[in-house]
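Q: fold the following, please.
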Amino acid sequence: MALPSPTLHTDRLRLRPFDDADAGELFALHSNAAVLRYWDSPPWTELARAEKFIAACRQMEVDGTGARLAVDRVSDGAFIGWCTVSQFNPEFRSASMGYVYTEASWGNGYATEAAGAVLKWAFDTLDLNRVQAEADTRNRGSVRVLEKLGFVHEGTLREDCVVNGDVSDSFVYGLLRREWKG
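A: Below is the predicted model of the structure:
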């Protein structure tokens, strides 16, 4: 069953489906080593990766497995990152959440604001009971975002990723519908 990606609005942000025209800015985001410091894959080196990513976003819609949304700042229309609900399982009423933002946008509350809008959509529209997220244990910024949203630390996946040649651990966080204060 297809799951059309929504367009969502907050006071400062617009979240929307990716468009082919986003490839350049998406490539710039994912080719930045500082942004991907805790990511489980290396920075991109070819624009074709961005094009494949956008195609994968569309396939998520077709497959009904989630929605990955570009995030633009309303004040100037600048692309600042993306936020996703993926691995949607309607039978279990669960999904995973993830996000990536430009280095210049860090520290402004955009990740929390965008994720809050996506969570509201996911709980209301997809009728989720649970959303899970993972963060590298060294990624204090991502951990703060999850905790501000009400996610609860549920455990640690030991040595589950290799990030920039270093074996790393990931925190697992969960947010239940009854805990959501959106």
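
Q: all helices of this structure, in order?
A: 23-30, 47-63, 110-125, 140-148 (DSSP state H).

Q: and among those, the most buried is which?
A: Most buried of the helices of the chain, by mean neighbour count (mean count of other Cβ atoms under 10 Å): helix 110-125, with a mean of 20. Bear in mind the C-beta positions are built from the backbone N, C-alpha and C, glycine included.

Q: just the angle between it and helix 140-148, please?
A: Our comparison of helix 110-125 with helix 140-148, counting by axes from the mean of the first three to the mean of the last three Cα atoms, to 10 degrees, yields an angle of 40 degrees.

Q: who touches helix 110-125?
A: Around helix 110-125, the neighbours that count as contacts under Cβ atoms under 8 Å, 6 or more residues apart in numbering are 6, 8-13, 15, 67, 69, 71, 73, 80-81, 83-85, 95, 97, 99, 101, 128, 131, 141-142, 145, 148-149, 175, 177, 180, 182.

Q: whichever of those end up buried, select them in PyMOL.
A: In PyMOL syntax, the buried subset of the contacts of helix 110-125 is picked out as below (16 or more other Cβ atoms under 10 Å):
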select buried, resi 6+8+13+15+67+69+71+73+80+81+83+84+85+95+97+99+101+128+131+142+145+149+175+180
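
Q: returning to that earlier point: would you turn the helices of the chain into JSON lines with distance to F171 and mean pLDDT?
A: JSON lines is the format used below for those (distance: least, Cβ to Cβ, whole Å; pLDDT from 0 to 100):
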{"stretch": "helix 23-30", "distance to F171": "22", "mean pLDDT": "98"}
{"stretch": "helix 47-63", "distance to F171": "24", "mean pLDDT": "96"}
{"stretch": "helix 110-125", "distance to F171": "16", "mean pLDDT": "97"}
{"stretch": "helix 140-148", "distance to F171": "6", "mean pLDDT": "97"}
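
Q: bridging residues for L13?
A: L13 forms beta bridges with R73, as assigned by DSSP bridges.

Q: how far away is it from W180?
A: 19 Å (Cβ to Cβ, to the nearest Å).
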